[in-house]
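Colleague: here is a sequence together with a model predicted from it:
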Amino acid sequence: MEVPDNRKWIDNRTDPNQEVTEEFKIGVLEFVEYALEHDKDNIGGGSIRCPCKKCKCAKFQIPDMVKLHLCKMGFMSNYYHWTSHGEPSPPIPPVVVSHSYYGSRGRRELFGNYEQLVMDAAGPTIGNYLEQEGQDEGDTMLEDPNEEAERFFEMLKAAQTPLWDGCSKYSTLSASLTLLSLKAEYGFSQGCFNALAQFIGNALPDSNTMPKNYYRAKKSIEELGLGCSKIECCPNGCMLYYKEDEVLQSCKICGEE
């Protein structure tokens, strides 16, 4: 991926003595100021998504913690366009048909974050399907999509459908993921989740596609491979009863049942 000139400092974190460079420190301050001003996903207390190599925009942190993480670990790979913090994606037309999403080097970054998530979950077979279907008749699909492709198109539709008519910040998919992320981050109950989702849905315009409850939100992301499963563990924390260990009746380390 070609690095924009104004973001080359991201790869210049430390000097030969392994000290954080002044250029990088200034750049981090620029990033935090930009995120606080432009990122509409900011949550209570001014927390923002941390793009360090550990958090990878999946966790919210207070600004000072974000600065510390970035100076200590650096930015996550290829995060030269701050698309998770309110910066628009580069204005280059995306290519899906005839040059598949997976087969075209560097094309991944041309899609929005949630479209990328859907593409990753769908896998390379979908790219091959689109490419094969688009080889004839001016890239027009000649056959109905198979079951796998239909699921992909439904997910992609959810990633692209505005939460309500005229909404430019959230899609049906991003709303579900944001609420589920907040539930995991702050540990509120399923009942609280349902009440919050109902309140938000009632407060938005009638055309909104906000998930009605926890069950629907969770179902909407299962195809992305983000569902959760319960794994039993030793009462003393020695091991997980996972895969071949699922049949065990007691811990193979401490013997606790």
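Modeller: Arrived safely, thanks for sending.

Colleague: could you check the pLDDT of Ala242?
Modeller: Quick fix: residue 242 is Tyr, not Ala. We note a pLDDT of 71 for Tyr242 in this prediction.

Colleague: pretty sure it contacts Ile231?
Modeller: Yes. Distance between Tyr242 and Ile231: 5.5 Å, which falls inside the contact criterion (C-beta atoms under 8 Å). For the C-beta atoms, the positions are set from N, CA and C on the backbone; glycine is no exception.

Colleague: and the helices in this protein?
Modeller: 22-38, 63-73, 113-122, 124-133, 147-160, 172-186, 190-203, 214-221 (DSSP state H).

Colleague: rank those helices by pLDDT, which is bottom?
Modeller: Least confidently modelled of these is helix 124-133, at a mean of 50 by mean pLDDT.

Colleague: quick one: residues contacting the closest residue to Ala35 other than its chain neighbours.
Modeller: Nearest-residue entry for Ala35: His85, 4.0 Å, with adjacent residues in sequence omitted and distances by C-beta to C-beta, 6 or more residues apart in numbering. When contacts are counted by C-beta atoms under 8 Å, 6 or more residues apart in numbering, His85 touches 31, 34-35, 38-39, 48-49, 51.

Colleague: let's see it at 7 Å
Modeller: His85 makes contacts with 34-35, 38-39, 48-49, as judged by C-beta atoms under 7 Å, 6 or more residues apart in numbering.

Colleague: please apply the same query to Ile48.
Modeller: Taking C-beta under 7 Å, 6+ apart as the contact definition, Ile48 lies against 35-36, 39, 42, 60, 63, 66, 85.

Colleague: nearest to Asp15, of those residues?
Modeller: For the contacts of Ile48, the minimum distance to Asp15 (C-beta to C-beta) is 21.8 Å, reached by Val66.

Colleague: so who does that closest one touch?
Modeller: For Val66, the contact set (C-beta under 7 Å, 6+ apart) comprises 32, 48, 50.

Colleague: partners of the second one in the sheet?
Modeller: Meaning Ile48. Gln61 (DSSP bridges).

Colleague: what's the spacing between it and Met76?
Modeller: To Met76, Ile48 is 14 Å away according to C-beta to C-beta, to the nearest Å.
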